[in-house]
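Novice: Take this sequence and fold it.
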Amino acid sequence: MATAAEAPASITAEGPTQHVPNQLEALEVLSKDFNADQISKLPKLTCSQCRSAQFKVCQSHTRAYCNECKGSLSTAHIHLDYVGHADITLRLLEADPLWTWEPLAFDDNGLPKFDHDGGLWIRLTVAGHTRLGYGDAQGKKGPNATKEAIGDALRNAAMRFGAGTVLWSKSDAARAQAEAKKLSDAPSREDRLEELYGLMRKRWGHLDGLRNLKGIVGDEEFHESRVHDENDVLRPFGEIIDARITELVHRKKADEFMKKVRSDWNDLAACEANLAEAREKDFADHEVPMGKTRTRVEDLLTQRIAELANPGPPADQPPQSGPPSSTPEEHVQRLMEQVRRGWTNPLALLQIKGDAEKHQILGHVVDTDQGPRPLRDLLEGRIAELQNKFTNPEGSVA
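Specialist: The predicted model follows:
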């Protein structure tokens, strides 16, 4: 029969226990306050953006040296009182020199089994009584993370015996105060709308970014909020985003269509088919770069079809020179007619330049859309422009 000093073993929710004569004394030792030199300051970031930043400081805060925790870190942090692994171990030894712990589960290799969050459940036995504890390494990796998880689990389990409960309660209060401050510092609806509006401006040319922003604006119920569009007209926020997404989708399809136009550039039948497709799919008014200006797709294809249907002089056939008896002015006039016919053919223009150079009339001034220019400048400028278009197809069509 059990005596009052020693009760029989029993099973609790946390495991088997056995009351021993010194159990109450051991619990009293565990619950003693820790000395001031045993208590350390653990900094905890209160800003989620700082926590996720590469160097743990976001744009809204600065890094500074903290006299309390003796570290250089973001100003958005609080301090939690804690006792280290060594001091907890000394306190456990003081309460029960034969204390022990074991993991709650083992893996296939016989090692302590960590859960999917990287945490470790343990059984801590002090003075014949067993209680559970849980520890983790706060996202750290490697061997040191395993040791930190064990130390954290021992502190957590020892608290179940009364060790450091005053410290943990202060830590909980500090976390609660930090969370309350965080909520009180939350941006107003107006500030949030301005933040999302600025994000829209940054993502104005990015289709996927605007689609993601559209979801945020809808979730936070800003769809009907009125903001200025690109023309400084007040419109519903969601409507502006939807219109821009539609525009970018159309532009993307038009760009894909223009790749086909470039590949079919020298095929008359294909150009005619592309013109019909451009009109059908509303690409006719889409503008593409042509040198320093922009040209409608319909105008571009219409002009190209005319060029292919009425080609200028073949590239391998030199332009006809004027008769020896013709005057320089008459020769220039005939060459200018050839220039107009071969305006899109760089080889033809090179041959015209050679003819003009042969007859020493490259310096002759001719009338152009940009005003009077030497024939040499006109030909060399157009040849360079055409060569640039052929070598940089993404920047132009021809």
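Novice: Give me the pLDDT value at K182.
Specialist: K182 is assigned a predicted lDDT (pLDDT) of 56.
Novice: do the same with D369
Specialist: 78.
Novice: What separation do you get for it and D355?
Specialist: 23 Å (C-beta to C-beta, to the nearest Å). For glycine as for every other residue, the C-beta is placed from the backbone atoms N, C-alpha and C.
Novice: more crowded one of those two?
Specialist: Under the neighbour definition other C-beta atoms under 10 Å, D369 and D355 were set side by side, and D355 has more, 20 against 5.
Novice: In a strand, the more buried one, correct?
Specialist: No: secondary structure of D355 (DSSP: H, G, I helix; E, B strand; the rest coil): helix, not part of a strand.
Novice: Please look at it and R334 and confirm they touch.
Specialist: No: with contact defined as C-beta atoms under 8 Å, D355 does not reach R334; the gap is 9.6 Å.
Novice: in the stretch 251-398 of the chain, which segments are predicted with low confidence?
Specialist: Within the stretch 251-398 of the chain, the stretches with pLDDT under 70 are 290-292, 311-326, 389-398.
Novice: And for the stretch 1-150 of the chain?
Specialist: Short version for the stretch 1-150 of the chain, where the test is pLDDT under 70: 1-22, 36, 40, 81-84.
Novice: What ranges does it have for its helices?
Specialist: When assigned using DSSP state H, counting those that start in this stretch, the helices of the stretch 1-150 of the chain occupy the ranges 23-30, 48-52, 85-95, 143-160.
Novice: Same question for the stretch 151-300 of the chain.
Specialist: Counting by DSSP H, counting those that start in this stretch, the helices of the stretch 151-300 of the chain are 165-184, 189-202, 207-219, 237-263, 268-280, 297-309.
Novice: how about the ones you listed in TSV, adding distance to G135?
Specialist: As requested, those are exported to TSV (distance: least, C-beta to C-beta, whole Å):
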stretch	distance to G135
helix 165-184	13
helix 189-202	38
helix 207-219	36
helix 237-263	46
helix 268-280	66
helix 297-309	66
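Novice: Just put the ones you listed in CSV and tack on distance to K147 and mean neighbour count.
Specialist: Shown next, in CSV, are the helices of the stretch 151-300 of the chain (distance: least, C-beta to C-beta, whole Å; neighbours: other C-beta atoms under 10 Å):
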stretch, distance to K147, mean neighbour count
helix 165-184, 21, 13
helix 189-202, 42, 13
helix 207-219, 41, 15
helix 237-263, 50, 15
helix 268-280, 68, 16
helix 297-309, 67, 17
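Novice: tally of neighbours for the closest residue in space to F161 that isn't next to it in sequence?
Specialist: In this structure, F161 finds its nearest non-sequential neighbour in L30, 4.6 Å apart by C-beta to C-beta, 6 or more residues apart in numbering. Number of residues near L30 (other C-beta under 10 Å) recorded here: 24.
Novice: what do you get for the one 5 residues further on?
Specialist: With neighbours defined by other C-beta under 10 Å, the count for N35 comes to 9.
Novice: what's the answer for P346, then?
Specialist: 19.
Novice: excluding its backbone neighbours, what's nearest it?
Specialist: P346's closest residue in space is L386 (C-beta to C-beta, 6+ apart), at 4.2 Å.
Novice: Please name the residues that touch the one you found.
Specialist: By C-beta atoms under 8 Å, 6 or more residues apart in numbering, the contact list for L386 reads 344-346, 349, 398.
Novice: most surrounded residue in these?
Specialist: Neighbour max across these (other C-beta under 10 Å) = L349, 22 neighbours.
Novice: how far away is that one from G151?
Specialist: On the measure of C-beta to C-beta, L349 and G151 end up 81 Å apart.
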